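# here is a sequence together with a model predicted from it:
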Amino acid sequence: MGAVSTSTIAPDVANLQRIALKIFLDDESLLEPGDVIPVFHRWIQTQAVDGLLIDVADYSHMPTGPCVVLVAHEAHYVLDRAGGRLGLQYARRQPLDGPLSHRLATLGRLLLRAGRLLETDTSLPGPVRFRGNEIECVANDRLLAPNRAETLTAFRPALDAFLATLSAGAEWTLTQETDPRARFGLLAQTQAAATLDTVAERLG
Amino acid sequence: MTWKEALGNSVPADLAREIDTYESQLALKGQGKIDDKVFAETRLRRGAYGQRYDNGQRNDGTGVKMLPFPSNGRTKGPDTVWDAPGMQRIKLPFGGLTAAQMDTLADLSEEYSDGVCHITTRQDVQLHYVHIDDTPSLMRRLAAAGITTREACGNSVRNVTACPIAGVCRDESFDVTPHAEASMRFLLGHPDVQDFGRKFKIAFSGCRQHACGLVIMHDFGAIAVTREEDGVEQRGFEVYVGGGLGAVPHQARPFEPFMTEDEILPTLQAIARVFARLGEKRNRARARIKFLVAQLGLDEFRRLVREERAALAHDDRWTAYLDGLPAYGEQPLKTGHPLDDESGSPTFKAWARTNVYRQRQPGYAVATVSLPLGDLSGWQFRRLADVARRFVGDTVRTTVEQNIVLRWVRESDLPALHGELESIGLARPGAGSIADITACPGTDTCKLGIASSRGLAAELERRLGEQIETLDEAVKQLRIKISGCFNSCGQHHICDLGFYGVSRHVGGHIVPHFQVVLGGKWVDNAAAYGLAIGAVPAKNIPEVVRRITDRFVHDRQGAETFYDFTKRVGKRALRETLKDLTTVPPHDVRPDFYRDWGDPREFGIGDMGVGECAGEVVSLTEFDLVGAETQVFEAQLQLEADDFAHADALAYGAMLQAAKGLIKTEFIDISADPNQIVTEFRSRFFDTQLFFDKYAGGKFAQYLFRRHARGERPADRDTARQLIEEAQLFLEATHACQARLASQPAVPPTGNPPAVAGRA
Ligand code: HEM
Ligand code: SF4
């Protein structure tokens, strides 16, 4: 028996809710992943980020994939090492209201807010800095958003609007994940460098 | 679009039906129509487990805080909040995996969990932080890949384990894989395994001397043996019963020195029936079969089983699989080819020394993918599936040491395989060494966890991994296993250095500790269980490991094993070696002693909850009543969809199932035949007026009789609707009748012949 192919199913990005956005560290050597564990625990104590924060899962023993996860009901905040690149991911699990473009902007705000908190956390030796000109977007739902060209076409308008806000109009290049079995994923990069602060401000 | 629609016919019909039913039960629970206890056991039997903090509270390090889940009072078990994340256990018989199944597991971990797949100590896979609402889709996707989660937890037959190298082992009597698989298939959902007071675990091993099958710690364990009969080799099993770890570990007792292959399944069935009938149901701490064997004595237990076996009605499935045995075997993807000893880089050679096992078949090897704490990411699993496709095909298995093995690697491919594994972060050397530690989920996700087994394991793996090349050979080969509490899911009794979590009050604080367990044996199928020699603060455990292993190297006599060394030196002397380590420094001097490994919170045990290890003891009648409720519910859905015939059949089925449940209180072997159910119901509950309502008398029973007498006639909207309403009333009357019966002194049900000869 084989894995099931969803290649005949039309994407339905309008209803796509499980979306993950990830920003990347500028200099990975400046952050020891284990140091983030107490930070995430503190976030739970002080309710520092949005959501019903539940617990912290430590996967720093794995060489790739999630590294430290702040588990929440609505979304996981993940210090993520997937693809060999350390960054912060906001992976939504529960639905949000509004059209896709609106939802993307909300996810972006929640992610950037958490990213800024890490950048300004005085307990981390750091300095922790995220790149403001690179963001990864993954659709964590193979049913509604299989990794195919049609999904990209359907997803582009909302994504383009979101990215344009982030870069104040500067051009982005998109690289799509090539493995058809993987989740639909895009890495967006722009030449226009910016701090996370600036990007957060643009997003409002 | 839903997964149910998308998958369509790719889900085998029987699994599809089971999962539909499960989904309906979720909906019914949402409407408050299923009791918490019954629902908990229902989901457990589909592998959906509770997880730490699912009672809606957690100590965040500053005090206990409520976790305000949006559930609105909705629960998925006693004191278990609906929206709280849960664990999904996925049953992999003998750990077998195909490449396509690995792809599916990878997908599910990403979409429903946290992107991590965890291999358990019984060859299963677990996903954590799963929302119960996602479980039906998750199960459908697994089913489409040929995997069921049925009876992965709960009081049922758990995963059937077997040596991961069965069939390719150089020392086995014969390949036990087909027997393990046949046992699993035969017992899955079998009516005789539905009424246990506790779980039941089965293991098969190909030989006596190695550890792989861990037969001695199982409820039912079978070791492959052969004998000569009239000059012909005959295959059979040395069978053990009543073993088990847990708080009170028992070694399995020899049940039969040589059981022929054809007797394995009927004997399992007979044991299941004896266990269901006589096993403890109320006191769960004493409900495993090990207690029954101890209580009855082995001889009496054996006698009862043989008597039960003799009375069993013949079942073709007992032996059907044996016909296929001569042809059974895995097809290697490639022709075998040896590796010349000079090949490969130094890193490859270091890896090959510990992670490669030369198969019985020349030119082939088994490669072990050693996983830190049994974890790999979804991405790694998908890539590993590709590696499997390229080098071995579908001959992959998980191990009880929480690793994965690729069987049938052409030896000359090993360097290339190693390279591929390296590129996906899965080429960790040291498989089966002291740095390859087994650990239960512990306080990370288990409700019963006291100390962080995984936190400690990660720390020890890190330290020992760094030193591995410089460690003495004898030390390298030792095994460490860690449990978060005495329940021993990490199998801490059966290794060289075992640890299990406990807590100690010190100066007004609670301090995480681990009991140090010595004297266990991994080899000879887990032949000896270790004993605790004393509790040491968690933060001192790395030093415990260092001291004991140093002493072993220093005082070892010749080629003495660690087991013999501990016996000779004695636990008292070893305890003495650790004495100073048992002291906890004051809080203001070493605050880190008051925190657990990998957890910055001040340690406490307030987060422990009620575990679901035992599942809930739910009677067969209660299960049937839930099944009946589910059918009525589904009947309503069909009515709404204008499928009147289907609605009618479901409503009728609901009454039959409810009646069957009642009959089971007196006669457990009632069949599914409608004629027999109605006849038995009439004689036992109608003629006796037991079913009668104070006001309505026998009216509700008449609904069933009328529908039964009517036979197959086309239904329309009105008749279907009426029957649904009648079925609902019949069900209410059944609940009431069951409550009346429950308040009377119980007479245990028997497997007696029917009170009235059924027409079936
Ligand atoms: C009183 C409660 C429990 C007892 C007595 C118990 C006992 C055991 C034992 C003895 C094993 C070991 C292996 C074996 O028999 O082959 C095991 C396996 C396991 N237990 Fe428990 N357990 C309990 C509750 C739990 C809970 C609450 C969890 C966490 C959710 C848990 C997680 C596991 C896991 C992950 C395994 C390996 C799994 C598998 O069957 O695939 N256990 N349990
Ligand atoms: S040994 Fe204890 S802590 Fe570990 S999984 Fe079992 S019940 Fe939980």
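Nice, thanks for sending it over. Numbers count the residues shown, from 1 in each chain, chains lettered A, B, ... in the order given. Ligands and ions are numbered 1, 2, ... in the order given.

# for chain A, just list every one of the helices.
Counting by DSSP state H, one finds helices in chain A at the ranges A:36-46, A:100-119, A:149-166, A:196-203.

# what's the closest of those to ligand 2?
helix A:36-46 (19.9 Å; C-beta to the nearest ligand atom). The C-beta positions use only the backbone N, C-alpha and C, and glycine is treated the same way.

# excluding chain neighbours, what is closest to A:Ala192?
Using C-beta to C-beta, 6 or more residues apart in numbering or on different chains and skipping the chain neighbours, the partner closest in space to A:Ala192 is A:Ala170 (3.7 Å).

# taking the stretch 651-760 of chain B, what residue is nearest to chain A?
Closest to chain A within the stretch 651-760 of chain B is B:Ala672: 27.5 Å, counting by C-beta to the nearest C-beta.

# what number of residues lie near that residue?
By other C-beta atoms under 10 Å in any protein chain shown, 12 other residues sit near B:Ala672.

# which residues are in contact with it?
By C-beta atoms under 8 Å, 6 or more residues apart in numbering or on different chains, the residues touching B:Ala672 are B:Lys660.

# helix or strand: which one has it?
Assigned by DSSP states H and E, B:Ala672 falls within no helix or strand.

# now swap in the one 4 residues further on and tell me
When secondary structure is defined using DSSP H and E, the element that contains B:Gln676 is helix B:674-681.

# which other helices and strands does that helix contact?
helix B:644-664, helix B:699-710 (3 or more C-beta pairs under 8 Å, 6 or more residues apart in numbering or on different chains; DSSP states H and E).

# again, only this time at 6 Å
Packing partners of helix B:674-681 (3 or more C-beta pairs under 6 Å, 6 or more residues apart in numbering or on different chains; DSSP states H and E): helix B:644-664.

# the residue nearest to A:Ala192 touches A:Ala188, doesn't it?
No - contact between A:Ala170 and A:Ala188 fails when scored by C-beta atoms under 6 Å: they sit 11.2 Å apart.

# those two: which is more packed in?
Per other C-beta under 10 Å, whichever of A:Ala170 and A:Ala188 has more neighbours is A:Ala188, with 20 against 14.

# residues contacting B:Val617?
B:197, B:281 (C-beta atoms under 6 Å, 6 or more residues apart in numbering or on different chains).

# and the longest strand anywhere in chain A, C-alpha only, in CSV?
Scanning chain A for the longest strand, with DSSP state E as the assignment, gives strand A:130-139. C-alpha atoms of strand A:130-139 as CSV (Å, rounded to 0.1, in the frame of the first residue of the first chain):
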residue,chain,number,x,y,z
PHE,A,130,17.2,38.3,12.7
ARG,A,131,17.4,39.2,9.1
GLY,A,132,14.6,41.6,8.0
ASN,A,133,15.0,40.6,4.3
GLU,A,134,14.3,36.9,4.4
ILE,A,135,11.2,35.0,5.4
GLU,A,136,10.0,31.4,4.8
CYS,A,137,6.4,30.5,4.5
VAL,A,138,5.2,26.9,4.8
ALA,A,139,1.7,25.7,4.3
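
# ok, it near chain B or not?
No - Strand A:130-139 does not reach chain B (C-beta under 6 Å from any C-beta of the partner chain); its nearest approach is 8.7 Å.

# in terms of helices and strands, where is B:Lys76?
Judged by DSSP H and E, B:Lys76 forms part of strand B:75-77.

# from the chain's centroid, how far away is that strand?
21 Å (C-alpha atoms, centre = their mean, to the nearest Å).

# next: stretch A:12-30.
Worked out by C-alpha atoms, centre = their mean, stretch A:12-30 lies 2 Å from the chain centre.

# measure it end to end?
40 Å (C-alpha to C-alpha, to the nearest Å).

# contacts for it next, please.
By C-beta under 6 Å, 6+ apart, stretch A:12-30 touches A:31, A:85-92, A:95, A:107, A:111, A:115, A:126, A:129-131, A:134-141, A:144-145, A:154-155.

# near ligand 1, list only the ones from the residues you listed.
Near ligand 1, judged by C-beta under 6 Å from any ligand atom, there are no entries from those.

# with respect to B:Val81, which of the helices of chain A lies nearest?
helix A:36-46 (17.1 Å; C-beta to C-beta).

# what parts of chain A come near ligand 1?
By C-beta under 6 Å from any ligand atom, no residue of chain A approaches ligand 1.

# report the buried residues of the helix or strand bottoming out on mean pLDDT in chain B.
None of the helices or strands of chain B scores lower by mean pLDDT, DSSP states H and E than helix B:523-526, at a mean of 76. Within helix B:523-526, the residues that count as buried by 16 or more other C-beta atoms under 10 Å in any protein chain shown are B:523, B:525-526.
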